[in-house]
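Quick one: sequence plus predicted model below, questions after.
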Amino acid sequence: MKIIKARDYVEMSRKAAHYIAAQVLLKPNSVLGLATGSTPLGTYQELIRLYHNGEVSFIQVSSFNLDEYYSLGPNHPQSYRYFMDENFFKQVDIQAENTHIPDGLSPNPDGFSADYDRQIANAGGIDLQLLGIGSNGHIAFNEPGKVFSAQTRLVDLKEHTIEDNARFFDSKDEVPRQAITMGLKSILSAKRILILACGENKADAVKAMLEGPIDPALPASILQLHPNVTLIADEKALGKLSSSNS
Ligand code: F6R
């Protein structure tokens, strides 16, 4: 895994945006895998700035988001569809019909999930997958578990994740208990992966991802097996790495 160090959140976001913009400049009809959460917010802001400066266009891009809370509709302010529309899609020239996010209200999550994987495959697969990392090492909503092999599906969220994400809701009770998430198998099929990490509360997960055993108890550790992964992280998130990596 290639590691790019950043001083802080602002520098991480700028470097990540440039990395994504370069992908789109080289292949204007790129298929991007996108993430939500607080980590990529600054990256989207920087991409919007690059777009307004005329440096990049998303007109031919298509996108597939990693996940969506199950039970939240697109107009719910905490739904990931709402997040993406407000924080990125509506502010650039990506075509709404080319953006895909799991349907949090699907009455048939199993059928929906199989179809989501088919749509990704039909689009030619993901060229660049953007990821954040949970403080428990989850990627997308693939929580610590016993197996790596899974495609898009409905999952139960761990208590740890519900607590981490409660900051976005009025109370912990309002955090949905389930989500539709791309699986690790779907994520690993991306041609290139860009993972971002910022802050001290990610330092243990980053260390385990890079230096620990490849173990489904730490889902992000499977990225050690992918041939083209770049981590852009700030000094605090890299703070617990052994000297050979830092
Ligand atoms: C979001 C996602 C999650 C987040 C992770 C980190 O689409 O799939 O795995 O990347 O929970 O969240 P933040 O960035 O809020 O710390």
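All right, it came through fine. In this text the structure is predicted, and so the values were computed from the model without any measurement.

and this protein, which of its residues are near the ligand?
For the chain, the residues in contact with the ligand (Cβ under 6 Å from any ligand atom) are 35-39, 66-67, 132, 134, 138-141. C-beta: built from backbone N, CA, C; applies to glycine.

Which helix or strand lies directly C-terminal to the longest helix seen in the chain?
In the chain, with assignment by DSSP state H, the single longest helix is helix 9-26. Helices and strands here follow DSSP states H and E; after helix 9-26, the next one along the chain is strand 31-34.

got a list of contacts for that following strand?
Outside strand 31-34, the residues within contact range by Cβ atoms under 8 Å, 6 or more residues apart in numbering are 20, 23-24, 40, 61-66, 84, 88, 120, 123-131, 182, 187, 190.

now for the helix or strand that it is followed by, which elements pack on it?
Next along the chain after strand 31-34, taking DSSP H and E as the criterion, comes helix 41-52. Under the contact criterion of 3 or more Cβ pairs under 8 Å, 6 or more residues apart in numbering; DSSP states H and E, helix 41-52 touches helix 9-26, helix 80-87.

again, 7 Å this time
Helix 41-52 sits against helix 9-26, with contacts defined as 3 or more Cβ pairs under 7 Å, 6 or more residues apart in numbering; DSSP states H and E.

what angle separates the helix it packs on from helix 41-52?
Angle, helix 9-26 to helix 41-52, by axes from the mean of the first three to the mean of the last three Cα atoms, to 10 degrees: 50 degrees.

Can you give me the buried ones in helix 9-26?
The neighbour-count check on helix 9-26 (16 or more other Cβ atoms under 10 Å) flags 9, 11-21, 23-24 as buried.

returning to that earlier point: from the middle of its chain, how far away would the longest helix of the chain be?
Helix 9-26 sits 14 Å away from the centroid of its parent chain (Cα atoms, centre = their mean, to the nearest Å).

Can you name the next helix or strand after whichever strand or helix holds Leu194?
Taking DSSP H and E as the definition, one finds Leu194 inside strand 192-197. Next along the chain after strand 192-197, taking DSSP H and E as the criterion, comes helix 203-211.

who does the helix or strand following that following helix touch, helix- and strand-wise?
Next in sequence after helix 203-211, counting helices and strands by DSSP H and E, comes strand 229-234. The helices and strands touching strand 229-234, judged by 3+ Cβ pairs under 7 Å, 6+ apart, are strand 2-6, helix 9-26, strand 192-197.

mind redoing it with 8 Å?
Using 3+ Cβ pairs under 8 Å, 6+ apart: strand 229-234 touches strand 2-6, helix 9-26, strand 192-197, helix 203-211.

so where's the chain shaky on pLDDT?
Within the chain, the segments meeting pLDDT under 70 span 244, 246.

Who are the contact partners of Asp8?
Residues in contact with Asp8 (Cβ under 8 Å, 6+ apart) are Cys198, Asp234, Glu235.

Adding distance to Ile3 and neighbour count, write those residues out as a markdown table.
Formatted as a markdown table, the contacts of Asp8 follow (distance: Cβ to Cβ, whole Å; neighbours: other Cβ atoms under 10 Å):
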| residue | distance to Ile3 | neighbour count |
| --- | --- | --- |
| Cys198 | 14 | 26 |
| Asp234 | 12 | 22 |
| Glu235 | 12 | 16 |
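
Redo the residues you listed as TSV? Include distance to Pro28.
As requested, the contacts of Asp8 are exported to TSV (distance: Cβ to Cβ, whole Å):
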residue	distance to Pro28
Cys198	29
Asp234	30
Glu235	34
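
of all those residues, which comes closest to the ligand?
Using Cβ to the nearest ligand atom, Cys198 comes nearest to the ligand of these, at 7.9 Å.

contacting residues around that closest one?
Asp8, Tyr9, Met12, Thr39, Ala233, Asp234, Lys236, Ala237.

Specify which member of those is nearest to Asp170.
The nearest member of the contacts of Cys198 to Asp170, counting by Cβ to Cβ, is Thr39 at 22.2 Å.

No further questions, thank you.
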